[in-house]
Structures are given as C-alpha cells and as structure tokens.
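In: can you look at this prediction? I've put the sequence above it.
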Amino acid sequence: MDRFRRASAAALLTALALAGAVGAAAASSDVPAPSGHSAKDLMTRPALSAYATARNVAAWEEFRIHGSARNIGSGTPVTLQQKQGGRWVALPATMKTAASGEYSLRVKLGIRGENALRIVGGGAVSPVVRTTVG
C-alpha cells in the first residue's frame, strides 16, 4: 500500500510540474497569438455583439436588435444589414453607440422567411442574427 501511495504522489507531482511548465509557456510572450496577431491586437480589436428580441415575427412587426460595442468610441454609427440574394444590403436603420457602448435599433422586416441580419460600424461586424418573418 505504501508503494502505491508513493507512486501516486510521484505521478501527481509530475503532472503538476508538467501543467505548470505548459501554463508558463502559454503565458510567455514568446508564444504567438492565433492568426499571426499579438494578444494585445486581439484585445484592442473593435467588436460588436448583436441580439434580436424576437426569433419569429409577423411581416412588418416591430422588434429590436440590440448589443454592445467594444473598442469603438461612443457616438460611432452602427448600421443594420440584411443578406439579400447572397450579398449584404444596408437597411435604413442606423444609430450611434451610447457612452456605454450599447445600441438598440427598432426593426421591421417585410421579406418573409428566415432573414440573416448583422450590425456593422467602427470597423467591426457583428455575428449574424437570424429572425423568421411569417
């Protein structure tokens, strides 16, 4: 039993030492960030989030797309885009980000079926939001 405890303790210490070495290497500035960007570049890159208040709406029923901007100055215009025929088309829905970086756009859509929407502004593009118009 004593030999089993010593072997288990040795295995645990080896695993901890390896984990520490891997963690130190990952934290090192010598390790490049993905896609050839530095970690600082990724942290300061402009970004937009987008969320719809409704997943399904009737034609011309109002709903909202809201989200926040990161690393984009307050007062920066953001615009709603809709995918139409394989290309992104800007809709007449634009507003400026608040001092907190947040925005909220009122939206009414008339194209029936699933609509792909996104927000663009300040050099950033949000993830696609999908809303079905019935």
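Out: Looks like it arrived, so ask away.

In: show me the contacts for the residue lying closest to Ser104 once chain neighbours are set aside.
Out: Nearest residue to Ser104, sequence neighbours excluded (CB to CB, 6 or more residues apart in numbering): His66, at 4.0 Å. The C-beta positions use only the backbone N, C-alpha and C, and glycine is treated the same way. Applying CB atoms under 8 Å, 6 or more residues apart in numbering to His66 gives the contacts 50-51, 53, 102-105.

In: among the residues you listed, which ones are buried?
Out: Buried members of the contacts of His66, scored by 16 or more other CB atoms under 10 Å, are 50, 103, 105.

In: by mean pLDDT, point me to the weakest helix or strand of the protein.
Out: When the helices and strands of the chain are scored by mean pLDDT, DSSP states H and E, helix 2-27 comes last with a mean of 43.

In: quick revisit: I'd like the contacts of His66 as TSV, with secondary structure appended.
Out: TSV is the format used below for the contacts of His66 (DSSP: H, G, I helix; E, B strand; the rest coil):
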residue	secondary structure
Ala50	coil
Tyr51	strand
Thr53	coil
Glu102	strand
Tyr103	strand
Ser104	strand
Leu105	strand
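
In: turn the buried ones among the contacts of His66 into CSV, including pLDDT and distance to Gly75.
Out: Below are those laid out as CSV (pLDDT from 0 to 100; distance: CB to CB, whole Å):
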residue, pLDDT, distance to Gly75
Ala50, 97, 19
Tyr103, 96, 11
Leu105, 95, 15
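
In: show the backbone phi and psi for the residue lying closest to Thr44 once chain neighbours are set aside.
Out: Nearest residue to Thr44, sequence neighbours excluded (CB to CB, 6+ apart): Asn71, at 5.4 Å. Backbone torsions of Asn71, given as degrees, to the nearest 10, read phi 60, psi 30.

In: give the contact list for Asn71.
Out: With contact set as CB under 8 Å, 6+ apart, Asn71 has these partners: 44-47.

In: if I look at it, how far off is Ala50?
Out: According to CB to CB, to the nearest Å, Asn71 stands 16 Å off from Ala50.

In: just Arg106 next, same as before
Out: According to CB to CB, Arg106 stands 14 Å off from Ala50.
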